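**Q** Need coordinates for the below:
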Amino acid sequence: MSCSNKRECPCTYPCANHGKCCECVAYHRPSGEVPACFFSKEAEKTYDRSIRKLAEDRLKQRQ
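**A** Sure thing, here's the model as predicted:
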C-alpha cells in the first residue's frame with residue numbers, strides 16, 4: 001500500500017512516526033487511540049489520544 005502525505009503533520013509530539021500518517025495510524029490503532037492529526041490544535045496539546053477525547057473535541061468544534 002502506498003502512503004503519501006498530502007499535508008504537513010500537525011502533531012507536536014516528536015516520535016519516529018511523525019509525518020508518516022499510515023505508520024502513525026497503525027501504531028495508535030491497537031491501543032484504541034487516534035493520531036493527533038484528528039484533533040483540534042487545542043485538544044492535541046493534551047496528548048490524550050483516546051476515542052472519548054476525540055468525541056469530546058468534535059462536539060466542542062460543532063458548538
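
**Q** which regions of this structure lie under the pLDDT threshold?
**A** For the chain, the stretches flagged by pLDDT under 70 are 1-2, 4, 6-7.

**Q** show me where it has helices.
**A** Using DSSP state H, the helices of the chain run over residues 21-28, 41-44, 51-62.

**Q** Let me know which of these is the nearest to P10.
**A** Smallest distance to P10 across those (Cβ to Cβ): 6.8 Å, for helix 41-44. C-beta here means a position set from N, CA and C on the backbone, and glycine is covered the same way.

**Q** Packing partners of that closest one?
**A** helix 51-62 (3 or more Cβ pairs under 8 Å, 6 or more residues apart in numbering; DSSP states H and E).

**Q** and the helix it packs on, how far from the chain's centre?
**A** Put simply, helix 51-62 sits 13 Å off its chain's centre (Cα atoms, centre = their mean, to the nearest Å).

**Q** which other helices and strands contact it?
**A** Using 3+ Cβ pairs under 8 Å, 6+ apart, helix 51-62 sits against helix 41-44.

**Q** what sits up against the helix it packs on?
**A** Applying Cβ atoms under 8 Å, 6 or more residues apart in numbering, the external contacts of helix 41-44 come out as 10-12, 36-37, 53-54, 56-57, 60.

**Q** if we can go back for a sec, who wins for proximity to N5 among the helices of the chain?
**A** Between N5 and the helices of the chain, the tightest spacing by Cβ to Cβ is seen for helix 21-28, at 5.4 Å.

**Q** thinking again about what came up before, will you turn the helices of the chain into TSV that also has mean neighbour count and distance to C3?
**A** Converted to TSV, the helices of the chain look like this (neighbours: other Cβ atoms under 10 Å; distance: least, Cβ to Cβ, whole Å):
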stretch	mean neighbour count	distance to C3
helix 21-28	16	3
helix 41-44	14	21
helix 51-62	12	21
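
**Q** now these in JSON lines, with distance to N5?
**A** Shown next, in JSON lines, are the helices of the chain (distance: least, Cβ to Cβ, whole Å):
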{"stretch": "helix 21-28", "distance to N5": "5"}
{"stretch": "helix 41-44", "distance to N5": "17"}
{"stretch": "helix 51-62", "distance to N5": "20"}
